[in-house]
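Trainee: using only what follows, build the 3D model:
(one chain, ligands or ions: 2)
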Amino acid sequence: MNQSNIQFYPSGTLVALVGNPNCGKTALFNLLTGSRQKVANYAGVTVERKEGAYLQPDGKKLRILDLPGTYSLYPRSPDEKVTCDVLAGKAKGEKRPDYVVCVVSATNLRRGLRLVLSVKRMGLPVVVALNMTDVAQRRGIKIDEALLSTELGLPVVSTVGVKTEGVKKLEHFLNDLTAKHMSENMAVNTYNASDKTETDGIGDHATVRTILNNLGLNETTPHQLTEKLDSLFLNPIWGSLILATILFMVFQAVFSWAELPMGLIETMTAGLGEWVGSLLPDGIIRSFLVDGLIAGLGGVVVFLPQIVILFFFILLLEESGYLPRAALLLDRLMGSVGLSGRSFIPLLSSFACAIPGIMAARTIPNPRDRLVTILIAPLMTCSARLPVYALLIGAFIPEKQVWGGFEQQGIALFVLYFAGILGAFAVAWVLKRFGNHQHMRTLMMELPDYHWPNVRNLLIGLWQRVDIFMRRVGGIILTLTIVMWFLASFPSAPDGAVGAPIEYSFAGTLGRWLNVLFAPIGFNWQISIALIPGLAAREVLVSALATVYALSSGDDGGALMPIIASQWSTATALSLLAWFVFAPQCLSTIATIKRETGGWKMALITAGYLFALAYLASFVTYRVALSLGL
Ligand SMILES: Nc1nc2c(ncn2[C@@H]2O[C@H](COP(=O)(O)OP(=O)(O)OP(=O)(O)O)[C@@H](O)[C@H]2O)c(=O)[nH]1
Ligand SMILES: [Mg+2]
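Mentor: Numbers count the residues shown, from 1 in each chain. Ligands and ions are numbered 1, 2, ... in the order given. The predicted structure follows:
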């Protein structure tokens, strides 16, 4: 029997934003819909479709889709395919757009117009949003909108994606999307993918040249500042030195700038613990609030300033347009281990969190490169590791300036980040040996013009990181802290017990069992038990340790750092650091790998090899540290 597929779509007029990478689609999308999607100055930021709503003055809603950027309608990577599928009406669960806003950068009309012509040929009603007109104006590029509109046979509106009033004209246009517009254009809406031919592209080339000629724009005007800066930043020697210096300074700042706000949060947490403790009589509720919630959550929140500082720098680098340059500089190095510069941005995104990093691997056209990038992305030091690293560094690496003013703790953090990168490169190198992949690919990557970071975008980006972090604190970390407190408090100690009550609890018993596995790498039972909830999210290790030690010591809201500094050996701390460089202590990452690779196989392989590496690294670190008498 023949079964036809019935698909249900959300109702309402659907408007899709389409354009080359980095032309400002998401910036416009955010302005139109009030969303806060990620905007950054490099190609391939958006990798999946995102929906928002635009409210017309009469109260009707338009569904707006933000899509990954694409250079043509012949997709070369999974992210471009998303856009092409939506335009062709082949996307799962989504109808074909009713309207397309084709976003074109006024600073690169030549490339943008080719895509406009292809989209127009699909028979979809198109309006051209001529974006970045502010930049074009500053560079003396004048575009006659009316003439461009006549030449293309399409409406053209100018926009500025970084100013609130920059979408006024586009809004007017969207407010005016009357039945007239729709019916007129829908008549030719009979696109079939097989209609496309490569020869259209060649014809478009000539058409675009004619249009540019008619507009008086046949000369390209390179951005002089960009050219000057690139001669420095892309220089193999100076460029590499600058890159290393930038990265090094970032880690220095993460420690030195964060000291004051961290101290404040610590004092506040301790004060809150004492205050709540003094209000309540000794007992279960007091223990839950003080040793469970305040100690556990406070232990994690204290690292917020460091996360904010790290992201401040990452966002600066993203917004300025420097990132693809770093990718280009490192292309050769990455090539030597079988990766291409294309993997750089997905890997760099993994410094925030492996999940967006793994998703950003969709921009990599070669399936093998994409898979290797996904497999090693969890080795990049995500921000969830920062609380663990900072706790252990703070407790075991003395604050001291070495080598003419460098802060020793900053260097330690740099080394840990570097260890992750080195691990990732080593794994990529081993995978290269396995594969039959020997040919070199040249890196084709768009280098955007440099621009000053937009303060609003920067603040939005920072706020989002704070929001994500606090949601984790209030969500998964809170839940697991409560579970941990429960496990560490019950059953209570029997009468006449000699040790601390926690030793008789579920956590104590379980910790001792697990310790059989972890003792060879120097972990005590407290660490062993904290690693279990820490599997869900890395920061939970810190809150879990804070709860376990708060319950053991009987102090009200005492800081965790001095406790572990006095109770653990340096060898144990170093071993735990090595564990966290490798261990996949994050269920969401494993789930994302499953989704992005289409099955459990790669997810389980990743988890397996990372745990094995973690155990090995910790074992070696612990033994070497012991032999050095640490
Ligand atoms: N000066 C100026 N900058 C803009 C304008 N529109 C966007 N930008 C900047 O251009 C960069 C790219 O913007 P995005 O919105 O991320 O571009 P996109 O088209 O969504 O890029 P992909 O998702 O990678 O395809 C960001 O740094 C924006 O701040 C504009 O009209 N003027
Ligand atoms: Mg985008």
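Trainee: which parts of the stretch 101-250 of the chain are helices?
Mentor: For the stretch 101-250 of the chain, the helices defined by DSSP state H, counting those that start in this stretch cover 109-121, 133-138, 145-152, 168-175, 179-186, 198-214, 224-233, 236-256.
Trainee: most packed of those?
Mentor: helix 109-121 (a mean of 21; mean count of other Cβ atoms under 10 Å). In this view, the C-beta of every residue, glycine as well, is placed from N, C-alpha and C.
Trainee: the inter-axis angle of that helix versus helix 198-214?
Mentor: 130 degrees (axes from the mean of the first three to the mean of the last three Cα atoms, to 10 degrees).
Trainee: any idea of the pLDDT on the residue lying closest to residue 364 once chain neighbours are set aside?
Mentor: Using Cβ to Cβ, 6 or more residues apart in numbering and skipping residues adjacent in sequence, the residue nearest residue 364 is residue 370, 4.2 Å away. With respect to pLDDT, residue 370 scores 91.
Trainee: I'd like the numbering to begin with 43 instead of 1 from here.
Mentor: OK, 43 is where the count begins now, so the last one is residue 412.
Trainee: residue 412: neighbouring residues, count only.
Mentor: Counted with other Cβ atoms under 10 Å, residues neighbouring residue 412 total 22.
Trainee: any idea which element it lies in?
Mentor: For residue 412, the host element (DSSP states H and E) is helix 409-418.
Trainee: can you give the distance from that helix to the centre of its chain?
Mentor: When distances are taken as Cα atoms, centre = their mean, to the nearest Å, helix 409-418 is centred 17 Å away from the chain's centroid.
Trainee: which secondary structure elements does it contact?
Mentor: helix 386-391, helix 450-476, helix 629-639, helix 642-669 (3 or more Cβ pairs under 8 Å, 6 or more residues apart in numbering; DSSP states H and E).
Trainee: mind listing what's buried along it?
Mentor: Within helix 409-418, the residues that count as buried by 16 or more other Cβ atoms under 10 Å are 411, 412, 413, 414, 415, 416, 417, 418.
Trainee: specify which member of those residues is nearest to residue 74.
Mentor: Distance to residue 74 across those (Cβ to Cβ) is lowest for residue 412, with 31.4 Å.
Trainee: residue 264: how many residues sit nearby?
Mentor: For residue 264, the count of nearby residues is 9 (other Cβ under 10 Å).
Trainee: and the residue in the chain sticking out farthest from the centre, how far is that from residue 546?
Mentor: Relative to the centre of the chain, and counting by Cα atoms, centre = their mean, the farthest-placed residue is residue 538 at 52.7 Å. Applying Cβ to Cβ, to the nearest Å, the value for residue 538 to residue 546 is 11 Å.
Trainee: again with residue 385
Mentor: Separation of residue 385 from residue 546 (Cβ to Cβ): 50 Å.
Trainee: compare those two and say which is more crowded by neighbours.
Mentor: Between residue 385 and residue 546, residue 385 has the larger neighbour count (other Cβ under 10 Å), namely 30 against 16.
Trainee: setting aside sequence neighbours, what's the nearest residue to the more buried one?
Mentor: Nearest one to residue 385, counting by Cβ to Cβ, 6+ apart, is residue 415 at 4.3 Å.
Trainee: thought the residue nearest to residue 406 was touching residue 403?
Mentor: Yes. In this structure, residue 412 is within contact of residue 403 by Cβ atoms under 8 Å, at 5.0 Å.
Trainee: contacts for stretch 259-266?
Mentor: Residues outside stretch 259-266 that contact it (Cβ atoms under 8 Å, 6 or more residues apart in numbering): 149, 151, 152, 181, 182, 183, 185, 251, 254, 491, 492.
Trainee: which bits of the stretch 393-542 of the chain sit near ligand 1?
Mentor: Contact residues (Cβ under 6 Å from any ligand atom) of the stretch 393-542 of the chain with ligand 1: 493, 496, 499.
Trainee: what's around the second one, how many residues?
Mentor: Okay, so that is residue 496. By the measure other Cβ under 10 Å, the count of residues near residue 496 is 17.
Trainee: got phi/psi on it?
Mentor: Backbone torsions of residue 496, given as degrees, to the nearest 10, read phi -80, psi 120.
Trainee: quick check: closest non-adjacent residue to it.
Mentor: In space, and not counting its chain neighbours, residue 496 is closest to residue 204: 5.0 Å by Cβ to Cβ, 6+ apart.
Trainee: contact partners for that neighbour?
Mentor: Per Cβ under 8 Å, 6+ apart, neighbours of residue 204: 66, 69, 176, 496, 498, 499.
Trainee: one step back: next secondary structure after the helix holding residue 412?
Mentor: Counting by DSSP H and E, the next helix or strand C-terminal to helix 409-418 is helix 427-438.
Trainee: send me that following helix as CSV with only the CA atoms.
Mentor: Presented in CSV, the C-alpha positions along helix 427-438 are these (Å, rounded to 0.1, in the frame of the first residue of the first chain):
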residue,chain,number,x,y,z
ARG,A,427,36.2,23.1,33.9
LEU,A,428,37.2,26.5,35.1
PRO,A,429,35.7,26.2,38.6
VAL,A,430,37.5,22.9,39.1
TYR,A,431,40.8,24.2,37.8
ALA,A,432,40.6,27.4,39.7
LEU,A,433,39.7,25.6,42.9
LEU,A,434,42.7,23.3,42.7
ILE,A,435,45.1,26.0,41.4
GLY,A,436,44.0,28.3,44.2
ALA,A,437,44.5,25.7,46.8
PHE,A,438,47.8,24.2,45.6
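Trainee: cool, thanks, talk later.
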